[in-house]
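Asker: This is a predicted model, with the sequence first.
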Amino acid sequence: HTSWQSLAPYASVLQKAYPPLVGGVHEMHFGALHVKLIFDEAARALPLFPKGVDAWFLDGFAPSKNSTMWEENLFEEMAKNSNSDATFATFTAASAVRKRLEEAGFTVQKIPGYGKKREMSVGMFRGC
């Protein structure tokens, strides 16, 4: 958050409320903003995905390092549970992941990554 000083007050509130890094579902409420963090393997977490998701962050390494994260049912569940215009971001820019996201109804764009990460993927749900 230090790169965006205007977000510092929000980052501070989030940091104070951030749950311990233990598996499971962690919910936080900040006025109208509802954050649900699911710390688990994707296959176990799929049934926990809520309906009406506005934003997804997928943190699971490249398919070559964590193939079970990127199975087809992940993308199907994302599409099923996304609001129209839901966004996503992931540090992986692997073509197989981008292709599956597109097949599930997301627009996909490769953008410059952060730190040592050369590229990442972002996009928006456009429906199937």
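Answerer: Thanks, I have the structure now.

Asker: The closest residue to Lys51 other than its chain neighbours: neighbour count?
Answerer: Using CB to CB, 6 or more residues apart in numbering and skipping residues adjacent in sequence, the residue nearest Lys51 is Asn81, 5.3 Å away. Heads up, the C-betas are built off the backbone N, CA and C, glycines and all. Neighbours of Asn81 under the rule other CB atoms under 10 Å: 16.

Asker: Next secondary structure element downstream of the lowest-mean-pLDDT helix or strand in the chain?
Answerer: Every helix and strand of the chain was ranked by mean pLDDT, DSSP states H and E. The lowest is helix 42-45, at a mean of 83. Counting by DSSP states H and E, the element after helix 42-45 in chain order, helix or strand, is strand 53-58.

Asker: Restricting to C-alpha, output that following strand in PDB.
Answerer: This file holds the C-alpha atoms of strand 53-58, laid out as PDB (Å, rounded to 0.1, in the frame of the first residue of the first chain):
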ATOM      1  CA  VAL A  53     -18.500 -11.900  -6.200                       C
ATOM      2  CA  ASP A  54     -17.300  -8.500  -7.400                       C
ATOM      3  CA  ALA A  55     -13.600  -9.100  -7.400                       C
ATOM      4  CA  TRP A  56     -11.400 -12.200  -7.500                       C
ATOM      5  CA  PHE A  57      -7.700 -12.500  -6.600                       C
ATOM      6  CA  LEU A  58      -6.200 -15.800  -7.500                       C
END
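
Asker: Run the chain-centre distance for that strand.
Answerer: 4 Å (CA atoms, centre = their mean, to the nearest Å).

Asker: Just the buried residues of that strand, please?
Answerer: Going by neighbour count (16 or more other CB atoms under 10 Å), the buried part of strand 53-58 is Val53, Trp56, Leu58.

Asker: following the host helix or strand of Gln15, which helix or strand comes up?
Answerer: Under the criterion of DSSP H and E, Gln15 resides in helix 8-17. Counting by DSSP H and E, the next helix or strand C-terminal to helix 8-17 is strand 24-30.

Asker: which residues make contact with that next one from outside it?
Answerer: With contact meaning CB atoms under 8 Å, 6 or more residues apart in numbering, strand 24-30 is reached by 13-14, 17-19, 34-40, 48.
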